[in-house]
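Visitor: Below: sequence and its predicted model.
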Amino acid sequence: MTDVASRAARTGAEEAPARRRTTPGRRRAWLMLPAAVAMLAGLDAGLVLLGVPAPVRTDRLPVVHGMLMTLGFVGTLICLERAVALRRRVALVAPALLGLGSVLLLAPIPIAVGQSVLLAGTVAMGAVYVPLWRRQRDDAVLVEALGVVLAVGAATLWLGGTSMPLLVPWLAGFLVLTIAGERLELARLAMGPSAGRTLVVLAAAVLGATVAALLWPAAGSALLGVALLTLTLWLARHDVARRTVRDRGLTRFMATSMLAGYVWLAVAGVVWLLGPAVSGPAYDAVIHAVFLGFTISMVMAHAPVIMPAVLRRPLPWHPVLWLPLGLLHLSLAVRLYLGDARGVHVAWQVGGVLNEVALLAFAALIVWSLRPTRRRAR
């Protein structure tokens, strides 16, 4: 992400003609549309799983819910950001395939078609990291590449018929290692000279524990819990967010989002440490602590930096962004504590619905902030 941020800062000086400045951003905006479709379909599937009224109800939606949100939505955004960092048009093949695969999962065709395209998208995503590694030989790139290995594994296992509860550690590992690598890119100076080597070791531990959780669920889940907790504590201790949270405005917003995300990742680690989370409240707590509490919180933290670089359009900071962030974490607390831990079904449903309201509100605010205006043009 450092490549992306620096490139965004030079955009105006390097590309004077307006048409050249806007065309790449428009191309990437089109590639974000399938990600938006995947997000909306995934949220609709979430309502179906909660047992509340949903705009669309099909038998397939609950089955593809996890892949839509993980590879279709977040995975496409990650691929777009990496494509911008690589600065090669061919790198856009990866987000295009992930977006297409997500749309095909929703089409009235055999589900294996969408699964196969998603697998191709994860392989293409891995191919993007090859030139990135040759360019930098950087530990952060290596950690992110290990995350892609887990994404390819998840897509392969899903195509082979593995059930979603067994795939959760693979999808979680993909997101956790990708975000951890990007945090190393952004906060390398604060983390120290040996941070890269340490993070590679921790990432390898998460990868090994993920495989173990599939082969030996009881022992593997405990190992995964230990690996995630160790990684989380290390990130929280060394991340510059511990200091920048005392600042104001956007800096404090980003730091707060990241620190809150680490808390939810630790919650998931504790649940896995207690045993396999493949059903019931433990399963619900793990997937939403990782995929909402950690991942979406990190997406909220980095969106004000990444979106302008990807779309080449300014994203002004506004304090109203605190509202969806606060609602996300409050609703997660209601869902996981009152709903999952205490067994209050209504609280579980209310928390789940508010989870989706928070995500939709944040997305709407980002779209509203990115709209072109005459003042920003001047």
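Guide: Received, thanks.
Visitor: Residue 332 - nearest residue in space that isn't next to it in sequence?
Guide: With sequence-adjacent residues excluded and distances taken as Cβ to Cβ, 6 or more residues apart in numbering, residue 332 is closest to residue 293, at 5.1 Å. From N, CA and C alone the C-beta is placed, and that goes for glycine too.
Visitor: and that neighbour, backbone torsions?
Guide: Main-chain dihedrals, residue 293, degrees, to the nearest 10: phi -60, psi -40.
Visitor: OK, contacts around it?
Guide: 260, 261, 263, 264, 265, 267, 268, 328, 329, 332 (Cβ atoms under 8 Å, 6 or more residues apart in numbering).
Visitor: Relative to residue 358, which of those is nearest.
Guide: The nearest member of these to residue 358, counting by Cβ to Cβ, is residue 328 at 3.9 Å.
Visitor: can you list contacts of the helix or strand harbouring that closest one?
Guide: Using DSSP states H and E, residue 328 falls within helix 322-333. The contact list for helix 322-333 (Cβ under 8 Å, 6+ apart) reads 253, 256-257, 260, 264, 288-289, 292-293, 296-297, 300, 350-355, 357-359, 361-362, 365.
Visitor: Show the buried residues in the residues you listed.
Guide: 253, 256-257, 260, 264, 288-289, 292-293, 296-297, 300, 350-355, 358-359, 361-362, 365 (16 or more other Cβ atoms under 10 Å).
Visitor: Okay, now the unreliable bits of the chain?
Guide: Counting by pLDDT under 70, the chain contains low-confidence residues at 1-27, 189, 372-378.
Visitor: Using CSV, list the CA coordinates for stretch 264-279.
Guide: In CSV, the C-alpha atoms belonging to stretch 264-279 read as follows (Å, rounded to 0.1, in the frame of the first residue of the first chain):
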residue,chain,number,x,y,z
TRP,A,264,-12.0,-8.9,17.4
LEU,A,265,-9.2,-11.0,15.9
ALA,A,266,-8.1,-11.9,19.4
VAL,A,267,-11.6,-13.0,20.2
ALA,A,268,-11.6,-15.3,17.3
GLY,A,269,-8.2,-16.7,18.4
VAL,A,270,-9.6,-17.4,21.9
VAL,A,271,-12.6,-19.2,20.4
TRP,A,272,-10.4,-21.4,18.2
LEU,A,273,-8.2,-22.1,21.1
LEU,A,274,-11.1,-23.6,23.0
GLY,A,275,-11.9,-26.1,20.3
PRO,A,276,-13.1,-26.5,16.7
ALA,A,277,-15.6,-23.9,15.7
VAL,A,278,-17.6,-25.6,13.0
SER,A,279,-21.2,-25.1,14.2
